[in-house]
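Q: Attaching a predicted model along with its sequence, questions to come.
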Amino acid sequence: MSETAGRAIETDIPARLEKLAWGLFHTKVVLALGITWVLDGLEVTLAGAVAGALKESPVLDMGNAEIGLANSAYLAGAVLGAVFFGWLTDRLGRKTLFTVTLGVYLVATAATAFAWDAWSFALFRFLTGAGIGGEYTAINSAIQELIPARYRGWTDLVINGSFWIGAAMGAAGSIILLEPGFLPPDMGWRAAFFIGSVLGLVILILRLWIPESPRWLITHGRPEEAARVIAEIEGKTKVHHAHHEIEVPQSVRLTPRTHTPLLEVWRSLYRDHRQRTLVGLSLMTAQAFFYNAIFFTYALILTDFYDIAAASVGWYLLPFAAGNFLGPVILGRFFDTIGRRPMIALTYGLSGVLLTITGALFAADMLSATEQTIAWSVIFFFASAAASSAYLTVAETFPLEIRALAIAFFYAVGTGIGGVFAPTLFGVLIDTGSRVSVFGGYLLGAALMIAVVFVILRWGVAAERRSLETVAKPLSQSD
């Protein structure tokens, strides 16, 4: 039996949130909270763009294997950070944790610039990842609970796709800071890691006025605060004229609780919603391997197989980032109109097929660096929407009380299986100098993406235009 914080409460807060039209409040939420993905994109891109400079650094003395290990350390930190901070997010609130996790990120990414050897670099990358992983859980939870259902799919995909705005920033920054003669040889990559710290300080200010999720407040026995927050939001936002098109209960009866025991979390994931758990694990694992295998080693492919100078890698990352951002922006609307299942199947399937074709051309040495970049940009136009839909799926298909921890769990398992392993594997494959060996890794990633098509068509949830409470009944709801 779960511990409770009081008697049952009848609330119409979910219905009131779903009736709202898009307003300035929602735009501010997207800007202040969605910038987390910009930070992640910045960090991941910097790690890839400065890979050549790290290998040339006389202080760090890193090879391909050490760079792959550092990238895996970042992802391992993100995994553990997501689990720990996700657990705290469900207990202490969304607002508290997205402030704490941003602080962890700021300190760790600044410390990376002062790394003195390969091991200290990997340690600081681990801590930076922990902050970003924690951000994922707190931010995804808050956004899901504050954005109306009619906009939820597109908004979630665009926010996740904003990762590539950060990627473009990282690429542009690396072009300038790694330009020969601009800074001393061992200072350019150090200065690059300060970009995230500066951006993070701005975000801290933006988040001061973001309220706690009224859905979280009501389930934790704080109805007065929830009523005040929803009234403030309604005071700034109009009612949507077609709000009746959204499937949402007019009111729900909830029994507030201080927290949800881990045993109940386990039962919810593996007994009550085990098919959804299978879907979530499939989506997250496939996209994590697919993305991290290619993107973390993007610079190494260009430098080792196409003889691109390390300082020029950023130019090749910019069109790649553009394709990745445009995918969710253009395709995102269809996830709310055509539906989740057909669009997830389409984007995952196309990503796998296109990578297989491009990988075969790479193995046959039939592509130039420019043609390789164009091919990757097209592939990830679809793959970016697919990866974003994985986060959307695991965030909206589980009960409110365990949302953050569920996001953390799927992110951790998916990234642990598909992400931490992938950069190290591809670092080793690239070190062989064999295009065929690298192609073998591409085939594995493509196979995982294509397998998801069958999973989502069989067990996927049609969550479009439905409130969170109808997609997944709250654990605290009383019939």
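A: That came through fine. Numbers count the residues shown, from 1 in each chain.
Q: Which SSE is immediately downstream of the lowest-mean-pLDDT helix or strand in the chain?
A: Confidence across the helices and strands of the chain bottoms out at helix 51-56, with a mean of 66, counting by mean pLDDT, DSSP states H and E. Toward the C-terminus, helix 51-56 is succeeded by helix 64-92 as the next helix or strand (DSSP states H and E).
Q: now the helix or strand just after that next one: how far from the chain's centre is it?
A: Helices and strands here follow DSSP H and E; after helix 64-92, the next one along the chain is helix 94-112. Mean-position distance between helix 94-112 and its chain equals 16 Å (CA atoms, centre = their mean, to the nearest Å).
Q: quick one: contacts of helix 94-112?
A: The contact list for helix 94-112 (CB atoms under 8 Å, 6 or more residues apart in numbering) reads 33, 36, 39, 43, 81, 85, 88-89, 121, 124-125, 127-128, 130-132, 134-135, 137-139, 141-142, 145, 193-194, 196-197, 200-201, 203-204, 207, 210-213, 216, 404. Heads up, the C-betas are built off the backbone N, CA and C, glycines and all.
Q: Buried residues, that helix. List them.
A: Within helix 94-112, the residues that qualify as buried are 94-95, 97-102, 104-106, 108-112, counting by 16 or more other CB atoms under 10 Å.
Q: Return the member of those residues nearest to S478.
A: Distance from S478 was checked for each of the buried residues of helix 94-112 by CB to CB. The minimum falls on R94, at 23.6 Å.
Q: Spatially nearest residue to the closest one, not counting backbone neighbours?
A: With CB to CB, 6 or more residues apart in numbering as the criterion, R94 has its nearest non-adjacent residue at 4.0 Å, and that residue is A142.
Q: And the helix or strand where that neighbour lies, what does it pack against?
A: Element membership for A142 (DSSP H and E) is helix 118-146. Under the contact criterion of 3 or more CB pairs under 8 Å, 6 or more residues apart in numbering; DSSP states H and E, the helices and strands touching helix 118-146 comprise helix 24-49, helix 64-92, helix 94-112, helix 149-161, helix 214-219, helix 369-396, helix 403-414.
Q: For A463, which non-adjacent residue is closest in space?
A: A463's closest residue in space is V471 (CB to CB, 6+ apart), at 4.7 Å.
Q: how much space between the one you found and I147?
A: Applying CB to CB, to the nearest Å, one obtains 14 Å for the distance of V471 from I147.
Q: ok, these two, which is more surrounded?
A: It is I147, of V471 and I147, that has more neighbours when counted by other CB atoms under 10 Å, with 23 against 19.
Q: Tell me where the stretch 301-450 of the chain has helices.
A: For the stretch 301-450 of the chain, the helices identified by DSSP state H, counting those that start in this stretch occupy 313-337, 340-363, 369-396, 403-414, 421-431, 435-459, in order along the chain.
Q: which one of those helices is the most hemmed in?
A: helix 403-414 (a mean of 27; mean count of other CB atoms under 10 Å).
Q: quick revisit: what about the residue nearest to A463, distance to Q144?
A: Shown here: V471 relative to Q144, a distance of 10 Å by CB to CB.
Q: tell me, what's touching these two both at once?
A: Overlap between the contact sets of V471 and Q144, as judged by CB under 8 Å, 6+ apart, is given by E396.
Q: The residue minimising distance to the centre of the chain and F325: what is the separation?
A: The geometric centre of the chain, computed from its C-alpha atoms, lies nearest to N160 (CA atoms, centre = their mean), at 5.6 Å. The spacing between N160 and F325, counted by CB to CB, is 10 Å.
Q: Low-confidence regions, the protein specifically.
A: Scanning the chain with the threshold set as pLDDT under 70 gives 1-6, 44-59, 171, 173-189, 241-245, 296, 311, 418-420, 479.
Q: The same query, at a cut-off of 50, please.
A: Regions of the chain meeting the criterion pLDDT under 50 cover residues 1-4.
Q: how about the nearest residue to I417, chain neighbours excluded?
A: T285 (4.9 Å).
Q: quick one: secondary structure of the one you found?
A: In terms of secondary structure, T285 is helix; the call rests on DSSP: H, G, I helix; E, B strand; the rest coil.
Q: for it, what are its contacts?
A: Counting by CB under 8 Å, 6+ apart, T285 has contacts 413-414, 417-418, 448.
Q: just E10 next, same as before
A: Neighbouring residues of E10 by CB under 8 Å, 6+ apart: 251-253.
Q: For PyMOL, what selects the buried ones among those residues?
A: Selecting only the buried entries of the contacts of E10 in PyMOL, with 16+ other CB under 10 Å as the criterion:
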select buried, resi 252
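Q: could I get the contacts of E10 as CSV with secondary structure and distance to Y270?
A: What follows is the contacts of E10, written out as CSV (DSSP: H, G, I helix; E, B strand; the rest coil; distance: CB to CB, whole Å):
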residue, secondary structure, distance to Y270
S251, coil, 30
V252, strand, 25
R253, strand, 26
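Q: between the contacts of E10, which is nearest G77?
A: Proximity of these to G77, judged by CB to CB, is greatest for V252, which lies at 37.2 Å.
Q: what are the bridge partners for that closest one, then?
A: Residues found in beta-bridge contact with V252 (criterion: DSSP bridges) are T11.
Q: can you pull the contacts of it?
A: For V252, the contact set (CB under 8 Å, 6+ apart) comprises 10-11, 14, 469, 474, 477.
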